[in-house]
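*Asks:* Give me the fold of what follows.
(one chain, ligands or ions: 2)
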Amino acid sequence: MKIAIVGAGAIGGLIGTRLAAAGHEVGALARGATLAALRAHGWRLETAAGRVTAPVAGASDRAADLGAQDLVVIALKATALGAVVPTLGPLIGPHTLILPAMNGVPWWFCAGLPGFDAPLASVDAGGAISAALPVGQVIGCVVHASASVDAPGLVRHRMGQGLIVGEAAGGRSARAQALADVLAAAGFDVTHSASVRRDVWYKLWGNMTMNPVSAITGATIDRVLGDPLVRAFCSAAMDEAAAIGARIGCAIDQSADDRHAVTARLGAFRTSMLQDVDAGRPIELDAIVGAVREIGARLGIATPATDAIFGLARVFAQARGLYAPPAA
Ligand SMILES: NC(=O)C1=CN([C@@H]2O[C@H](COP(=O)(O)OP(=O)(O)OC[C@H]3O[C@@H](n4cnc5c(N)ncnc54)[C@H](OP(=O)(O)O)[C@@H]3O)[C@@H](O)[C@H]2O)C=CC1
Ligand SMILES: CC(C)(CO)C(=O)C(=O)O
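*Replies:* Ligands and ions are numbered 1, 2, ... in the order given. Predicted structure coming up:
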């Protein structure tokens, strides 16, 4: 398969290296030091079993140099997507599959839902992302794996190999199964889901509280969950999101406490949003929290606890120059 990774950071590097090592022709749209490292060394991944390396099939900061692909994996931070999307045209042919390996509510999430004809302003203000990356070519994805960047172009796998993939519009398809098979052969634990939108919502259910609350407080999730007041506040926001999910085909059959018990197993874990704050990177606030509020507002569901989290995290991030509002 001819594959381009857009955003060759932690998750892009993890997926890119494994696919290239499995024999696929995997290129990268990258920039700066990451681009230079990929050109010099190819794909590199540190794993518990040792370093995995594989040749990169072209690395460039211009999509035209890479050309039309069978598969485009988008592994950018949500805050970067709006700026990159206008450059992606040359990668996308009529049969190109698009796999967004990102957290938060993706641009395709509300497509086809009654009352959601206009794109979400928190995710795709103006609709440029939906226009450039057509939902009919999207295979939705949830990443249940963790990775980090040791140095530009050198990625470290931390834990988990899980990927959930499925048709954005729901149901199963031969093309989603074929992609699931490709990812499984590259070493991932892959689930082909008939309702990937629901899987996205379930992952978001944890991220929408743990990530911003850890970012604001600077605390690891064991401390966040260990304080009964903060835990109850997080539960209230999650109850709001569960009520929204029930209205959009994303019902959650757990209580917030059930979910906290799963998250607590991670122990003294620094969430990805806290790590972004530590590194001085913009936080993915609109995709992870703002979109939940916006969907609730469109459905007429009040979200006071989610609003409070969003407002506090936004002020926190603005005060540090880490808030990037969605591109218009
Ligand atoms: N890391 C993890 O364990 C997990 C991450 N996720 C999600 O996956 C997504 C990706 O996260 P992660 O891999 O950690 O992020 P990283 O910051 O490690 O990677 C993002 C990459 O995108 C690149 N990039 C940004 N703008 C451009 C551009 N204009 N042109 C080319 N490349 C660009 C960055 O390059 P540069 O360094 O130059 O800015 C960086 O290499 C996020 O939504 C995250 O929440 C989900 C599960 C786990
Ligand atoms: C903390 C956790 C595991 C759940 O919110 C996470 O997914 C993240 O850090 O992004």
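
*Asks:* Kindly report the residues of this structure close to ligand 1.
*Replies:* 7-12, 29-32, 34, 75-78, 80, 83-84, 101-103, 143, 146-147, 149, 272, 284 (C-beta under 6 Å from any ligand atom). Just so you know, the C-beta spots here come from the backbone N, C-alpha and C atoms, and that holds for glycine as well.

*Asks:* Just want the residue of the stretch 201-328 of the chain that's nearest ligand 1.
*Replies:* residue 272 (5.1 Å; C-beta to the nearest ligand atom).

*Asks:* And the closest residue to that residue other than its chain neighbours, how far from residue 263?
*Replies:* Once flanking residues are discounted, residue 272 sits nearest to residue 211: 6.5 Å by C-beta to C-beta, 6 or more residues apart in numbering. Residue 211 sits 11 Å away from residue 263, taking C-beta to C-beta, to the nearest Å as the criterion.

*Asks:* one step back: could you tell me how many residues sit around the residue nearest to residue 272?
*Replies:* Burial of residue 211, expressed as a neighbour count using other C-beta atoms under 10 Å, amounts to 27.

*Asks:* Quick check: which element contains it?
*Replies:* Residue 211 belongs to helix 196-217 when elements are defined using DSSP states H and E.

*Asks:* Please compute how far that helix lies from its chain's middle.
*Replies:* Distance, stretch centre to chain centre, for helix 196-217: 11 Å (C-alpha atoms, centre = their mean, to the nearest Å).

*Asks:* Average pLDDT for that helix, rounded please.
*Replies:* In this model, helix 196-217 carries a mean pLDDT of 98.

*Asks:* Output that helix in PDB, but only the C-alpha positions, please.
*Replies:* Extracted as PDB, the C-alpha positions of helix 196-217 are listed here (Å, rounded to 0.1, in the frame of the first residue of the first chain):
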ATOM      1  CA  VAL A 196     -16.800   3.900  15.600                       C
ATOM      2  CA  ARG A 197     -18.600   7.100  16.400                       C
ATOM      3  CA  ARG A 198     -19.700   5.500  19.600                       C
ATOM      4  CA  ASP A 199     -16.100   4.300  20.300                       C
ATOM      5  CA  VAL A 200     -14.800   7.900  19.700                       C
ATOM      6  CA  TRP A 201     -17.400   9.200  22.200                       C
ATOM      7  CA  TYR A 202     -16.500   6.600  24.800                       C
ATOM      8  CA  LYS A 203     -12.800   7.500  24.700                       C
ATOM      9  CA  LEU A 204     -13.700  11.200  24.700                       C
ATOM     10  CA  TRP A 205     -15.700  10.600  27.800                       C
ATOM     11  CA  GLY A 206     -12.500  10.100  29.800                       C
ATOM     12  CA  ASN A 207     -10.400  12.700  28.000                       C
ATOM     13  CA  MET A 208     -12.900  15.500  28.400                       C
ATOM     14  CA  THR A 209     -12.400  15.700  32.100                       C
ATOM     15  CA  MET A 210      -9.100  14.100  33.000                       C
ATOM     16  CA  ASN A 211      -7.100  16.000  30.400                       C
ATOM     17  CA  PRO A 212      -8.200  19.600  31.100                       C
ATOM     18  CA  VAL A 213      -8.500  19.100  34.900                       C
ATOM     19  CA  SER A 214      -5.000  17.600  35.000                       C
ATOM     20  CA  ALA A 215      -3.800  20.500  32.800                       C
ATOM     21  CA  ILE A 216      -5.300  23.200  35.000                       C
ATOM     22  CA  THR A 217      -4.200  21.600  38.300                       C
END
